[in-house]
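A.B. asks: Just need the structure, nothing else, for what follows:
(2 chains)
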Amino acid sequence: MWDTLIVNPMINALLLFYNFLGQNFILAIAFLTILIRIITLPLNLKQQRSMMHTQELQPEINAIQKKYRDNPQKMQEEFKRVGYNPADTLSGCIPTLIQFPILIGLYRAITTILGTTPQALFELVPRVYPAINLTNLIPVENKFMWLNLSQPDPIFVLPIVVFVSMFIQQKLLTPAPPKGQTQQDNPTAGMSQSMMYTMPLMFGFFSLQFPAGLSIYFILANVIGIVQGLYLQRIMNRERAERAARGETRPYVVETEKSAAKSRQSANGAGESKTKVTNNSTAPRRKKGSAKR
Amino acid sequence: MDHMSRPLARPALRLLLIAAALFLLTGCGSRLATTNWAGLSTDGRLVYLAFGPQVLAYDPAAQAQAWIHPAASTGAAFFAAPAAADGRVVFGDYGHSGGLFSPRVTVSVYALQEGDSAGASQLWVNTSDARDKIVAPALQVGEQVFLGTADNHILALDATSGRLQWDYQTGHAIWGQPAFRDGTLYVASMDHSVYALDAATGELKWSQALGGALPSGPTLGDGLLYVSSFDGNVHALDMATGEERWAAPSADNWVWGAPALLDGTLYFGDIGGTLYAVDAATGEQKWTQETQNAIQTSPVVSNDTLYVASQVAAETPTGALTAYNVTDGTQLWSEPTTTPLYATPVVVEDALVVSTQDANALLIGYDLANGQELWRYALPQTSN
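C.D. replies: Presented below is the predicted three-dimensional model:
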């Protein structure tokens, strides 16, 4: 079932592209990567925007959670009012979930095609659709510059590029927390910040073990992700500027410990907590749809 | 539910899912396709088997393991059939990496010296000249060892020291055992070409490009060499010039195993399950037999009987060892096995020996006459 639905179509797609792209397996992987990213683009954009948006709203979310800890119903109402839907947290994971079968399928497809062992090739035969003339394509060329695509990169270039490209992508998707805000103030942002390092490290590490062909996929996917991230940043900056131009204000004003201390100094202020919440009930109500862009 | 946990859920869940995916990925195979079928060979007395973590010699007469190497698994994988001659056994490995943080793969060629008593001592190890896995069985000729590698090279090593004498690069991997006659080495490469090299110097005498990848070594006949090809043919080439004399039978399926030659007739099968007998001089077809099983091995001919190891397609594939009459291809007997038979069987005295991928029956000996099981040998406990 898994092979029929995921692995075999990928094997055949790679072989087809390999055939049409001058029997260059790197180009075949690149073409398939772009195709996959185009197919998953709407979901990816939704996830990335949702992630950026949640990060942006994080101070409000924290403040509401703190203020209405004992009143879940009111908390939900306030979430809705600021344009945050907790259910998006789970639906936002769908693109990530979709990535896994793709990743595992591609791994299996690359290792099967570039198996370089008789048994791997023997097992490839029944997976290939009749329309593809495998005899003309075998053996698939697995050498590219210093790389043997079926083996990990022996001189560490690809793992480093995987790390760097994924770090840039993560950095684009992970807005820096507001100045002065600590991880305790905003645990989600804290975790996102740590993921910004752990994810590239993990993938860089696994690139030490995986065939170079899969590292090529990681790198291309990251580059496309970077372009996507830059595009989204531009869109969101424009939206932010438009909101500011319309005079919209955020319904919750959140003060961090530093700013609260400043306030206390200047106004001999009140508030024991790290975060001071002011409910600006006169603020224009954010459209529900704004959370979904 | 504590609402504080909700904003945390997405990154945490994402990280968890990625970790799970990577776990699955590594579970699918920490290295690229490190598995293959076992390499099986014989010197007429002992049976040699490279079954993954180790290489062993089995004595069918004593029904006992003669030796196993290395004594404990070292991380290297062995699947190339060992080549035994004059008490010296040579084989290559699939290589092993230097560990989690070292992707560099070291591929080695080993030579063992068999003693009079049980056991074998290491003669030499060459770790410097092969750069990708060794699938092909080595060939020992006098004081030379020839073997092909997956990094496209054919290597000639000094048999006593393991030192490199020459190497020749082809266009792709070499999976088949080279063949030697009268100072010339014949090599079939996956790059679709056959090469004739001067065995002393490695100098190219001729090469001939054919219509498909060549997964097995050449079979040498009377002035002609025969090579099986993925283009559905066995090609007959003039050994002196490389000129193609004939190609047959233009099957729709790959011909994988090297043809067996007996009394002017070539026997071979294709992976679609057809068994062929053709005239070795002209390529004219003598008979065919539909077996329904995928034949990827070379047939074995002994006492006017043709033995074929094959794969039986099923949801869980099994195997079959079948005997045919060489004259007309009629089936004499067939014995099922629990796993597919990928390695070409070997004949040792009155037994036909097959290797399976079943740990409880790594080797099985069958009576040549009637296919009755004579003995079986399970994977040594230390290798489990």
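
A.B. asks: ok, and what's touching the helix or strand hosting residue A:36?
C.D. replies: When secondary structure is defined by DSSP states H and E, residue A:36 falls within helix A:25-39. Outside of helix A:25-39, the residues within contact range by C-beta atoms under 8 Å, 6 or more residues apart in numbering or on different chains are A:10, A:13-15, A:17-18, A:21, A:44, A:102, A:106, A:110, A:113-114, A:140-142, A:144, A:149, A:213, A:216-217, A:220-221, A:224. (C-beta placed from N, C-alpha, C; glycine too.)

A.B. asks: List the buried residues in that helix.
C.D. replies: Taking 16 or more other C-beta atoms under 10 Å in any protein chain shown as the neighbour-count basis, helix A:25-39 is seen to contain the buried residues A:25, A:26, A:28, A:29, A:30, A:31, A:32, A:33, A:36, A:37.

A.B. asks: how about residue B:343, secondary structure?
C.D. replies: Using DSSP: H, G, I helix; E, B strand; the rest coil, the three-state assignment for residue B:343 comes out as coil.

A.B. asks: give the contact list for it.
C.D. replies: Going by C-beta under 8 Å, 6+ apart, residue B:343 touches B:37, B:38, B:39, B:40, B:81, B:297, B:309, B:354, B:355.

A.B. asks: What segments of chain B are helices?
C.D. replies: Ranges of helices in chain B, per DSSP state H, are B:5-27.

A.B. asks: okay, and for it, where does confidence drop off?
C.D. replies: When the per-residue scores of chain B are filtered using pLDDT under 70, the ranges that remain are B:1-34, B:98-103, B:117-118, B:381-384.

A.B. asks: mind running it again at 50?
C.D. replies: Applying pLDDT under 50 to chain B picks out residues B:1-8, B:23, B:26-34, B:384.

A.B. asks: Please work out how many residues are found near whichever residue of the stretch 101-250 of chain A sits closest to chain B.
C.D. replies: Per C-beta to the nearest C-beta, residue A:152 is where the stretch 101-250 of chain A lies closest to chain B, at 3.4 Å. Residues lying near residue A:152 (other C-beta atoms under 10 Å in any protein chain shown) number 25.

A.B. asks: One more: residue A:1?
C.D. replies: Residues within reach of residue A:1, counting by other C-beta under 10 Å, total 5.

A.B. asks: on that earlier part again, filter the contacts of helix A:25-39 down to the buried ones.
C.D. replies: Members of the contacts of helix A:25-39 that pass the buried threshold by neighbour count (16+ other C-beta under 10 Å) are listed as A:10, A:13-15, A:17-18, A:44, A:102, A:106, A:110, A:113-114, A:140-142, A:149, A:213, A:216-217, A:220-221, A:224.

A.B. asks: Does residue B:168 touch residue B:148 like I think?
C.D. replies: No - checked against C-beta atoms under 8 Å, the pair residue B:168 and residue B:148 is beyond contact range at 9.6 Å.

A.B. asks: between the two, which one's more packed in?
C.D. replies: For residue B:168 and residue B:148, the more surrounded residue by other C-beta under 10 Å is residue B:148, and the numbers stand at 31 against 21.

A.B. asks: and the more buried one, what is it in contact with?
C.D. replies: If you count contacts by C-beta under 8 Å, 6+ apart, then residue B:148 has B:134-136, B:154-155, B:170, B:173-176, B:178, B:187, B:189 around it.

A.B. asks: Residues of the stretch 251-384 of chain B that sit close to chain A?
C.D. replies: Within reach of chain A by C-beta under 8 Å from any C-beta of the partner chain, the stretch 251-384 of chain B has these residues: B:254, B:256, B:271, B:296, B:342.
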